[in-house]
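[1] Task: produce atomic coordinates for the following.
(one chain, ligands or ions: 2)
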Amino acid sequence: MASLRIGFIGAGNMAQALAKGFISSGLAKPQNVTASCPPTDQHLLQQMKLLGCATTHDNREVASTSDVVVVCVKPTIVGRVLQELRPCVTPDRPLVTSVALGVTLSSMEAALPPEARVMRIMPNTPALVQHGASVFTRGTHTTPEDAELTQKMLSAVGQCDEVPETFLDAVTGLSGAGPAYMYLVVEALADGGVRMGLPRDLAQRLAAQTMMGAAKMVLSTGKHPGQLKDEVCSPGGCTIQGVQVLEDAGLRSALISAVHTAAAASVTMGRKQPVPSPPLAPPSPTTSSPTPPTPHRRAPFFPPAARPQRAPQPFAPF
Ligand SMILES: NC(=O)C1=CN([C@@H]2O[C@H](COP(=O)(O)OP(=O)(O)OC[C@H]3O[C@@H](n4cnc5c(N)ncnc54)[C@H](O)[C@@H]3O)[C@@H](O)[C@H]2O)C=CC1
Ligand SMILES: O=C(O)[C@@H]1CCC=N1
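    Numbers count the residues shown, from 1 in each chain. Ligands and ions are numbered 1, 2, ... in the order given. Down below sits the predicted model:
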């Protein structure tokens, strides 16, 4: 497995988290990892170089030298990047995976040659410390070996589940975005400790370890979180008073709404594909009147037949 050649298109936060996680878990050797991004983001490639990875500004070079490509660019440019990779992708190799929120398998497959092997992944940044939470969905032409490989790669950096594609937006709103919600909680708990006179460093470590310990209790004991909460709330004690404050503030409802809103955003953001500019329409030969130039009209990036079949807004707006 360490001989696996992994290529990252994009070298930002998610690419770096996965690259560091893959290397530190032993899944990949640094010299077998390549990353590309535009020259304007050279500083990101420097980070990849520090890991020992090869770097380039040529996305096609990444595709040509990798067994698995991980597309780690913003959803709006995935289509353009896949068009660029198209000449380097065959049914044999590479396996093309994308972590982009909301970008469907059907749109990826439509941008690549027929029978290209495609996977859609939703990881999260704690993959960097091998505590990621990832899911993946296989495309039409993937093999059982591709699914096994994807499972192995993502399991090397945390937990991984294969899910139907219809789950992907919800997963994005929950575990894709979730670390940010948890950092808010850790920061605020630490603020509470500081408010009560604790040194910042101690307060932050107590808050983070408490979050990690509580998460491990849920995963290891298999108990319902409500039961675990009850075990902390001594009758008439202080915890239930703190819990009441959080209930009054609507903590649960706020978290449910956060997942809902982020999942809905994943649907809309991922389906918005930018479009290449077609050439301006030639002037009509029948007229010489000084009419204004034809507006610069944009054509859909994907052919209509390749558009996702699903309604773009399965989530009720607030
Ligand atoms: N940041 C996160 O926690 C997560 C991000 N994702 C997904 O990962 C993708 C990337 O997100 P981030 O890493 O946060 O963004 P980022 O802004 O940190 O990185 C984007 C990268 O794309 C590169 N890029 C831009 N145009 C390019 C091109 N034409 N060719 C090659 N590279 C190009 C940029 O130079 C940069 O390295 C997004 O689609 C996002 O939905 C998914 C799960 C979690
Ligand atoms: O905020 C974002 O768009 C990305 C996707 C999930 C986490 N970060």
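[2] Distance of the residue in the chain that ligand 2 sits nearest to relative to Val185?
    Residue of the chain nearest ligand 2, by CB to the nearest ligand atom: Gly176 (3.4 Å). Every C-beta, even on glycine, is put in place using the N, C-alpha and C of the backbone. As judged by CB to CB, to the nearest Å, Gly176 and Val185 stand 17 Å apart.
[3] Those two: which is more packed in?
    More neighbours surround Gly176 than the other of Gly176 and Val185, with 25 against 15 (other CB atoms under 10 Å).
[4] give me the low-pLDDT residue ranges for the stretch 1-150 of the chain?
    In the predicted model, the stretch 1-150 of the chain carries pLDDT under 70 at residues 2.
[5] can you list the residues of the stretch 151-300 of the chain near ligand 1?
    Gly176 (CB under 6 Å from any ligand atom).
[6] for the stretch 151-300 of the chain, what spans make up the helices?
    168-171, 178-195, 200-221, 225-232, 239-249, 251-271 (DSSP state H, counting those that start in this stretch).
[7] how many degrees apart are the third one and helix 225-232 in direction?
    Right, helix 200-221. 120 degrees (axes from the mean of the first three to the mean of the last three CA atoms, to 10 degrees).
[8] With the fifth one instead?
    Interaxial angle of helix 239-249 relative to helix 225-232 (the same axes, to 10 degrees): 140 degrees.
[9] Quick one: mean pLDDT over helix 239-249.
    Helix 239-249 comes out with an average pLDDT of 98.
[10] Same question for the second one.
    The average pLDDT within helix 178-195 is 98.
[11] Packing partners of that helix?
    helix 200-221, helix 251-271 (3 or more CB pairs under 8 Å, 6 or more residues apart in numbering; DSSP states H and E).
[12] which ones are touching whatever residue of the stretch 151-300 of the chain ends up closest to ligand 1?
    Proximity of the stretch 151-300 of the chain to ligand 1 (CB to the nearest ligand atom) peaks at Gly176, 4.3 Å away. Contacts here follow CB atoms under 8 Å, 6 or more residues apart in numbering; on that basis Gly176 touches Leu101, Met122, Pro123, Asn124, Ala262, Ser266.
[13] same check, this time on Arg117
    So Arg117 contacts Pro91, Leu95, Val96, Gly139, His141, Thr142, Thr143, Asp146 (CB under 8 Å, 6+ apart).
[14] The strand ranked longest in the chain: partners in the sheet, and parallel or antiparallel?
    Assignment by DSSP state E gives strand 132-138 as the longest strand of the chain. According to DSSP bridges, strand 132-138 forms sheet pairs with strand 118-122 (antiparallel), strand 158-162 (parallel).
[15] For Val232, see how far away the residue of the chain closest to ligand 2 is.
    In this view, Gly176 and Val232 are 29 Å apart by CB to CB.
[16] Just flag the most distant two among the contacts of Arg117.
    Val96 and Thr143 (13.5 Å; CB to CB).
[17] who's more crowded, these two?
    Val96 (29 against 12).
[18] backbone phi and psi for the more buried one, please?
    phi -100, psi 120 (degrees, to the nearest 10).
[19] mind checking how far stretch 250-265 is from the chain centre?
    Remark: stretch 250-265 is offset 18 Å from the chain centroid, using CA atoms, centre = their mean, to the nearest Å.
[20] And this protein, split by domain according to the record?
    For the chain, automatic domain parsing gives the domain ranges 6-168, 178-223.
[21] can the longest one be found next to ligand 2?
    Yes - with CB under 6 Å from any ligand atom as the criterion, ligand 2 is reached by domain 6-168 at Leu101.
[22] which residues does Asp191 contact?
    Asp191 makes contacts with Ala203, as judged by CB under 8 Å, 6+ apart.
[23] Alright, that wraps it up for me.
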